[in-house]
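Colleague: Below: sequence and its predicted model.
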Amino acid sequence: MGHPALRNDIDKVPMIKPFNSVSICFLPSTNPYACLISSLRNTWLAGKTRPMEYRMHQLEALCRFLDEKKADILHAQYQDMRKPHCESEIENAITKSDVNYALNNLCHWMKDECVEKSLAFQLDCAFVRKDPFGVVLIIGAYNYPINLTLAPLVGAIAAGNCAIVKPSEHSPCTARLLAECLPCYLDSDTFAVVTGGAEQVTSLLENKFDYILFTGTPRVGKIIMTAAAKNLTPLTLELGGKCPCYVDACCNFQNAANRIVWGKFANAGQTCIAPDYVLCTIETQERLMPCLRQAIREFYGNEPQNSPDFGRMVNEQEFRRVRALLDSGRVAIGGQTDECDLYIAPTVLADVREWEPVMQEEIFGPILPIVTVSDVDAAIAFINCRHRPLAVYAFSYDNRVVNRVLDCTSSGGFCGNDCLMQYTLVTLPHGGIGYSGFGKYHGKYGFDCFTNHRGTLLRCIGLEKFNTIRYPPYNESKVSMLIAALEVRRKGMCTIL
């Protein structure tokens, strides 16, 4: 848990409240967050977060925050990026489900996990102890500022850690709400909210954390990983990427279009697991296009800019970046923009080539390119010659086609015949692979993410006669008996004597 001298002096360490004006820092430092992190570490060393009752109390408090501040959350998210209230409600509900699932299962997750034992250990106790890491840092993202900040916090609380939460500066209203209100619900000895931008994150990362979880872009992810490496801090990175969506010729095109349009244009396309582009044959593109047009019209009307159900780009920089991608391919649907309103219409690009700008980066906006391929094998080859994405989608009546895409590609997650819905199932892990990140959270995986699985063996101090076979001087008889006691044999194999 720490240096023995610290453990011996636990009773002498005062409780320090990060949000109060009084704080004590044992190691002199010019870093603005050193005292805050020191006080959180003192709280953790004192064992305050370890009891199950304490963790459940904090999770229940987080649930109350989501309930009692729901109207404020909806308003803040609307101010930040014109997020439709329905989408904010869904985000809030998914986050609350994460909390409730942890409350329902925490007593089972925390139990020591017994393991199988070979002959040498039959009289011993062997198990995995679920220890918290300590003081963790969670850096959220602007696109879903409640869920992508608080869902990891659920895992951190459940696992018994102290935590600093850093919401995205690009969703300032939601960040302000979290900073002002969350400390009124959670124990300020144990949890803190830090706001600000790159300067504040840089200062935070100069300190030693026991675990870091970051959601954002690969570019910033590399910076976070470099900073974590200085202290050999383990971390989880959730980085997004270009999520492909294959549409087979054997498909209900209107159903597929409805689900693709919803998955792509929810939150104005600013979703890390949104389908980034469609792969299909030329013939399928011609059949899919009118269905996409109909779905857009049904969801957002003839003038999507006036729809209360369509959001906006988060800021001018992102607006201009995404607008520049409209020069790729051929605009088949949409294409209208309004910089004063940060509005980009739900847009479909046809006949897009793989070398065009829209295919060189994650779009993260309401533009859906369609790239034509000859067949499913060509689609799989196209996917596999690029960075492994956060999600892969496949639509087909034929389960063999869906399973072929699943079996022959690699990604953080997969969904057949729908988009985004895998994220809403709390029993499935969420996370990337390779360039889209690493590490998983959600539900039990969130608990495991912030848990040190501590292999533990408890042996008897007596019965020394059994141990003599492993002590020098060695001989063949001792070695044979030791190997027989330690080895694991293949099941179903028998030895004829």
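Modeller: Thanks, I have it. Remember, predicted model here, so these are calculated numbers, not experimental data. Residues are numbered from 1 along each chain as shown.

Colleague: Return the list of helices and strands in contact with the biggest helix by length in the chain.
Modeller: Longest helix of the chain, by residue count under DSSP state H: helix 85-109. If you count contacts as 3 or more C-beta pairs under 8 Å, 6 or more residues apart in numbering; DSSP states H and E, helix 85-109 packs onto helix 52-68, helix 70-81, helix 147-158, helix 443-449. Placement of C-beta: from N, CA and C, glycine included.

Colleague: Just give me how far that helix sits from the chain centre.
Modeller: Taking C-alpha atoms, centre = their mean, to the nearest Å, one finds the center of helix 85-109 at 14 Å from the center of the full chain.

Colleague: same question, stretch 190-202
Modeller: Relative to its chain's centre, stretch 190-202 lies at 19 Å (C-alpha atoms, centre = their mean).

Colleague: can you give me the helices in the stretch 351-497 of the chain?
Modeller: Taking DSSP state H, counting those that start in this stretch as the test, the helices found in the stretch 351-497 of the chain are 376-384, 399-408, 421-424, 443-449, 476-486.

Colleague: Equivalent analysis for the stretch 151-300 of the chain, please.
Modeller: 172-181, 198-205, 218-230, 253-265, 282-300.

Colleague: what's next to the fourth one, contact-wise?
Modeller: Right, the one you point to is helix 253-265. Applying C-beta atoms under 8 Å, 6 or more residues apart in numbering, the contact partners of helix 253-265 are 245, 247, 271, 274-275, 278, 284, 287-288, 291-292, 294-296, 299-300, 310, 346, 366, 368, 393, 395, 417-420.

Colleague: just the buried members of those residues?
Modeller: Buried members of those, scored by 16 or more other C-beta atoms under 10 Å, are 245, 247, 271, 274-275, 278, 284, 287-288, 291-292, 295-296, 299-300, 310, 346, 366, 368, 393, 395, 417-420.

Colleague: List the beta-bridge partners for Cys245.
Modeller: Val278, Tyr393 (DSSP bridges).

Colleague: Give me the buried stretch members for stretch 390-403, please.
Modeller: So, applying 16+ other C-beta under 10 Å, buried residues of stretch 390-403: 390-396, 401-402.

Colleague: Can you add pLDDT and give these back as CSV?
Modeller: Compiled in CSV, the buried residues of stretch 390-403 are given as follows (pLDDT from 0 to 100):
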residue, pLDDT
Leu390, 97
Ala391, 98
Val392, 98
Tyr393, 98
Ala394, 98
Phe395, 98
Ser396, 98
Val401, 98
Val402, 98
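
Colleague: Serialize these to CSV and add fields for distance to Gly196.
Modeller: Formatted as CSV, the buried residues of stretch 390-403 follow (distance: C-beta to C-beta, whole Å):
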residue, distance to Gly196
Leu390, 27
Ala391, 31
Val392, 36
Tyr393, 36
Ala394, 41
Phe395, 42
Ser396, 47
Val401, 48
Val402, 44
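
Colleague: which stretches of the protein have low pLDDT?
Modeller: 1-28, 493-497 (pLDDT under 70).

Colleague: The spatially closest residue to Leu103 that is not a sequence neighbour and Thr49: what is the separation?
Modeller: Distance criterion C-beta to C-beta, 6 or more residues apart in numbering; nearest residue to Leu103, sequence neighbours excluded, is Leu59 at 5.3 Å. Distance, Leu59 to Thr49, by C-beta to C-beta, to the nearest Å: 12 Å.

Colleague: if you count what's nearby, which of these two comes out ahead?
Modeller: Using other C-beta atoms under 10 Å, the more surrounded residue of Leu59 and Thr49 is Thr49, with 24 against 21.

Colleague: my guess is Gly47 is in a helix, correct?
Modeller: No. Counting by DSSP: H, G, I helix; E, B strand; the rest coil, Gly47 is located in no helix; its state is coil.

Colleague: tell me the phi and psi of it?
Modeller: phi 80, psi 10 (degrees, to the nearest 10).

Colleague: count of residues packed around it?
Modeller: 12.

Colleague: Check Ser410 too.
Modeller: Neighbours around Ser410, by other C-beta under 10 Å: 12.

Colleague: Repeat that for Ser307.
Modeller: Neighbourhood size, Ser307 [other C-beta under 10 Å]: 14.

Colleague: excluding its backbone neighbours, what's nearest it?
Modeller: The shortest distance from Ser307 to any non-neighbouring residue, by C-beta to C-beta, 6+ apart, is to Tyr300 (4.3 Å).

Colleague: Is it correct that that neighbour is in contact with Gly334?
Modeller: No. Applying C-beta atoms under 8 Å, one finds Tyr300 not in contact with Gly334, separated by 9.8 Å.

Colleague: Name the residues contacting each of the two.
Modeller: The contact lists of Tyr300 and Gly334 share Pro346, where a contact means C-beta under 8 Å, 6+ apart.

Colleague: distance of the residue nearest to Lys478 when sequence neighbours are not counted from Pro366?
Modeller: Closest residue in space to Lys478, ignoring its immediate chain neighbours: Ile469 at 4.6 Å, by C-beta to C-beta, 6+ apart. Using C-beta to C-beta, Ile469 is found at 70 Å from Pro366.

Colleague: same deal with Val331?
Modeller: Using C-beta to C-beta, Val331 is found at 12 Å from Pro366.

Colleague: repeat for Gly155
Modeller: In this view, Gly155 and Pro366 are 31 Å apart by C-beta to C-beta.

Colleague: Then Cys114?
Modeller: Per C-beta to C-beta, Cys114 is found 51 Å from Pro366.

Colleague: Next: Val348.
Modeller: Remark: distance between Val348 and Pro366 (C-beta to C-beta) = 10 Å.

Colleague: which residues are in contact with both of the two?
Modeller: What both Val348 and Pro366 touch, as defined by C-beta under 8 Å, 6+ apart, is the set Gly334.
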